[in-house]
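1. Attaching a predicted model along with its sequence, questions to come.
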Amino acid sequence: VMPLQHGICCAFFFVYIGHKVQNVNDPVWILFLTLRKIVDIVTAPSLTEGTVAYLQVLIEEYIADRLQLFPLEALIPKHHYLLHYPGLVLAFGPLINMWTMRFESKHSYFKNCVRQLKNFKSLCKTLAQRHQMLQAYLHSETFFGPTVSFNNSTPFVIQTYCIELQTCIRSLGITMLGAVVTDEVVYMGTAYTHGMFVALQSHDPMFGEILQGLVVNKESVFLMLRKYSGRFMSQFHYYEVSETSEYLCISVASLGDYLPLPLYNVDGRYILISKHSIFFRMDSVQEKV
């Protein structure tokens, strides 16, 4: 299990000190890059079978290189567990769906209850009752929001947009009557906000900057995007992107990767840091399990 602080450090480590690394071919730097690749694949929501084989190779290389570079640092049991990850992915699907971090957070809830109660008689029974009442509240009908939610919307007028967007929107057969546009829309718990980026293509990296969200009949969500071409900087493990003159309108449900990404400006370069590996092929392990 990787604590949240470690996960954030792993993701942004290359941005913080990457420009200070004098030799990007240094074995220790390459070792850390290998670890980052492993984390990206393990936390991905969908994987191809070829990627699982690649994960096996990466793990074996990482452990062998670690032993060679740090012979005085003994391996720990978690390194042995890591060797079994590819087999577990094939058996159960992407391991992010079985992540136990949310259960770890239960510890703080129970500790807070104990501090507030200040009573240690029949403590286990008291904690169990309080926890079950909390779960009942969280599973009540009033807790779960609608699939689509948004605020500050305006009626959609297609003539106010560029010709390329108009053509794309019409090709989707979207019903204009009752459609609205908004700068932020929440779809199945994920917020898509103006200025955020979504991945459109993984083989030849392509991203889209969210201009506005288009909501049809309060149930279908489309994103109007400005395309950005991307280049994966393997020595720093992030994408460097540049704006194009192309536009696109796409359904949120058809996105290859649902997670929006913020844009960072580092010394005049625009970069995107993915939180996991991005795959767009249909024959994923997730779909076969």
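-> Good, I have the coordinates. Numbers count the residues shown, from 1 in each chain.
2. how about stretch 17-26: buried residues?
-> Neighbour counts over stretch 17-26 (16 or more other CB atoms under 10 Å) mark residue 18 as buried. (Each C-beta comes from the backbone N, C-alpha and C, glycine too.)
3. Please save the CA atoms from that stretch in CSV.
-> Output in CSV follows, covering the C-alpha atoms of stretch 17-26 (Å, rounded to 0.1, in the frame of the first residue of the first chain):
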residue,chain,number,x,y,z
ILE,A,17,14.2,17.8,-9.7
GLY,A,18,14.2,16.5,-13.2
HIS,A,19,15.8,19.7,-14.6
LYS,A,20,18.6,19.3,-12.0
VAL,A,21,19.6,15.8,-13.1
GLN,A,22,22.9,16.2,-15.1
ASN,A,23,22.9,12.7,-16.5
VAL,A,24,19.5,11.2,-17.4
ASN,A,25,21.2,7.9,-18.1
ASP,A,26,22.4,7.5,-14.5
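4. Confirm residue 181 sits in a helix?
-> No - Residue 181: not assigned to a helix; according to DSSP: H, G, I helix; E, B strand; the rest coil it is strand.
5. I'd say residue 47 and residue 89 touch.
-> Yes - between residue 47 and residue 89 there is a contact under CB atoms under 8 Å: 6.3 Å.
6. hey, which helix or strand in the protein has the poorest pLDDT?
-> Across the helices and strands of the chain, mean pLDDT, DSSP states H and E gives its lowest value to helix 285-288, namely a mean of 36.
7. Quick one: residues in contact with stretch 27-41.
-> For stretch 27-41, the external contacting residues (CB atoms under 8 Å, 6 or more residues apart in numbering) are 2, 7, 10, 13-14, 21, 23, 47, 51, 54-55, 58-59, 61-62, 65-66, 69, 82, 234-235, 237, 274, 276-277.
8. now the residue in the chain sticking out farthest from the centre: how far from residue 177?
-> Distance from the centre of the chain peaks at residue 121, with 43.6 Å (CA atoms, centre = their mean). Distance of residue 121 to residue 177, given as CB to CB, to the nearest Å: 64 Å.
9. can you map out the strands along the stretch 101-250 of the chain?
-> Listed in chain order, the strands of the stretch 101-250 of the chain (DSSP state E, counting those that start in this stretch) span residues 148-150, 154-155, 180-182, 184-187, 190-193, 197-201, 206-216, 220-233, 238-251.
10. for this structure, which spans come out with low pLDDT?
-> For the chain, residues meeting the criterion pLDDT under 70 lie at 1-7, 141-144, 279-289.
11. Restricted to helices, list the contacts of stretch 27-41.
-> Among the contacts of stretch 27-41, the members falling in helices are 7, 10, 13-14, 51, 54-55, 58-59, 61-62, 65-66, 69, 82 (criterion: DSSP state H).
12. and which of those is nearest residue 185?
-> Residue 185 lies nearest to residue 7 out of the ones in helices among the contacts of stretch 27-41, by CB to CB, at 26.9 Å.
13. residues making contact with stretch 246-259?
-> For stretch 246-259, contacts defined as CB under 8 Å, 6+ apart pick out 45, 162, 164-165, 168-169, 172, 187, 190, 192, 198-202, 208, 211, 214, 220-227, 275-276, 278-280.
14. now those: which count as buried?
-> 45, 165, 168-169, 187, 192, 198-200, 202, 208, 211, 214, 220-227, 276, 278-279.
15. Distance check, residue 233 against residue 149.
-> From residue 233 to residue 149 the distance is 36 Å (CB to CB).
16. if we can go back for a sec, how about the strands of the stretch 101-250 of the chain in a markdown table, adding distance to residue 133?
-> A markdown table is the format used below for the strands of the stretch 101-250 of the chain (distance: least, CB to CB, whole Å):
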| stretch | distance to residue 133 |
| --- | --- |
| strand 148-150 | 27 |
| strand 154-155 | 42 |
| strand 180-182 | 36 |
| strand 184-187 | 28 |
| strand 190-193 | 29 |
| strand 197-201 | 39 |
| strand 206-216 | 36 |
| strand 220-233 | 35 |
| strand 238-251 | 40 |
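17. can you tell me which of these comes nearest to residue 111?
-> Taking CB to CB, strand 190-193 is the member of those nearest to residue 111, at 30.4 Å.
18. returning to that earlier point: state the pair within the ones in helices among the contacts of stretch 27-41 that is farthest apart.
-> 51 and 69 (25.6 Å).
19. Settle it for me: which of those two has more neighbours?
-> residue 51 (20 against 12; other CB atoms under 10 Å).
20. Can you classify the nearest residue in space to the more buried one that is not next to it in sequence by secondary structure?
-> In space, and not counting its chain neighbours, residue 51 is closest to residue 41: 6.1 Å by CB to CB, 6 or more residues apart in numbering. With three-state DSSP as the basis, residue 41 sits in helix.
21. Thanks a lot, catch you later.
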